[in-house]
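Student: curious how this folds, go ahead:
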Amino acid sequence: MIKSNYHTHTNFCDGKSTAEEMVKSAIEKKFDIFGFSSHSAYPYKSSWHLNPEKHFEYSKEIQRLKEFYKNDIELCLGFESDYFPLICSPDKQRFLEFEPDFIIGSVHFVVNLDEPEKKGFPQEDSDIPVNCFSIDSVTEEVQQGIDLLFDGDGKKASQTYFALVREMVTSFDFDIVGHLDILRKRNNQLKFFDENSQWYKNEIEATAKTIAQSGKIVEINYGGIARGSLMDTYPSVEFLKLLRKLDIPVTINSDAHNFSHIDTGYDLAIKNAITAGFSEIQYFSKGKWHSQKIEV
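Tutor: Numbering: from 1, shown residues only. Below is the predicted model:
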């Protein structure tokens, strides 16, 4: 089976390793195809996003590595683009000049859509002109964001997250839906929602149906495992079962921020895919998406 990954962060954004260190590790760990996806809130920035002025530099470096290592591994250039209403979006038209192979669309920032004037707290080194918080930030900031923007109402904050994901999926042209249900990442500590509650089940079902209508691919992301924040994939197996029921295609991604983590959790991601009923996964190669049977 072709071993692939399209979600990788380097020191161009909030990753700890250089792009070349990631490539060497991917070759060592026998990846056949390896993609880079620097965080982008283009044309805005924060401490963990690629600076708008460095998008070309990042793209040129990945293209250089593509050529240099072409006999060892197939490399791909991508972006993990944030969605924030009226601010930034994961639309391919925004990134045409950088000639990416693929775009991951993700929701990190949450704002109270009903009361956008509510005062939150500024993102570090950020020029994003909105009161918001990152749903997968450190535990203290997630709690602070829920308290300040949603008066401590974790249910409303969670429903807002899923509403933003659905809006992103229906409104923009991109390839991969990034880390669905990433809000589970801090829920182990904060307990701000119950995955067994009916309202939560309604949210993930509505989100799955929206994705099915879009034709987009969902990643099975194992990035929380290496960082010790969630010893599981996102989406969860229960969410994955909904995706399988609706014939939504999936791909396996690491969301690695360090060269030593690029396959930490890969086997669990494959296992969760099989448990949810998937027999095939998608991989991107030579300009288009392909399907392959899961082999263990």
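Student: quick one: end-to-end length of stretch 85-104, please.
Tutor: 17 Å (Cα to Cα, to the nearest Å).
Student: err, stretch 273-280, not the other one
Tutor: 9 Å.
Student: mind listing the strands in the stretch 151-296 of the chain by residue range?
Tutor: 176-177, 217-221, 250-253, 280-285, 288-293 (DSSP state E, counting those that start in this stretch).
Student: so which elements touch the lowest-mean-pLDDT helix or strand in the chain?
Tutor: When each helix and strand of the chain is scored by mean pLDDT, DSSP states H and E, strand 133-134 comes last, with a mean of 90. Secondary-structure packing of strand 133-134 (3 or more Cβ pairs under 8 Å, 6 or more residues apart in numbering; DSSP states H and E): strand 109-110, helix 139-150. Quick note: C-beta positions are derived from backbone N, CA and C, even for glycine.
Student: most tightly packed of the strands of the stretch 151-296 of the chain?
Tutor: Of the strands of the stretch 151-296 of the chain, the one with the most neighbours on average (mean count of other Cβ atoms under 10 Å) is strand 176-177, at a mean of 28.
Student: let's have the helices and strands packed on strand 133-134 in TSV, adding mean neighbour count and mean pLDDT.
Tutor: Formatted as TSV, the helices and strands packed on strand 133-134 follow (neighbours: other Cβ atoms under 10 Å; pLDDT from 0 to 100):
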stretch	mean neighbour count	mean pLDDT
strand 109-110	25	92
helix 139-150	19	93
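Student: let's have these in CSV, adding distance to F31.
Tutor: Shown next, in CSV, are the helices and strands packed on strand 133-134 (distance: least, Cβ to Cβ, whole Å):
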stretch, distance to F31
strand 109-110, 30
helix 139-150, 32
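Student: to S46, which of those lies closest?
Tutor: For the helices and strands packed on strand 133-134, the distance to S46 is smallest for strand 109-110, at 9.3 Å, taking Cβ to Cβ.
Student: now do the same end-to-end measure for stretch 14-22.
Tutor: First residue to last in stretch 14-22 (Cα to Cα) measures 14 Å.
Student: residues touching that stretch, excluding its own?
Tutor: With contacts defined as Cβ atoms under 8 Å, 6 or more residues apart in numbering, stretch 14-22 is touched by 8-12, 25, 34, 36, 39, 47-49, 61-62, 65, 256-259, 262.
Student: which among those end up buried?
Tutor: Neighbour-count burial (16 or more other Cβ atoms under 10 Å) is assigned, among the contacts of stretch 14-22, to 8-10, 12, 25, 34, 36, 39, 48-49, 61-62, 65, 256-259, 262.
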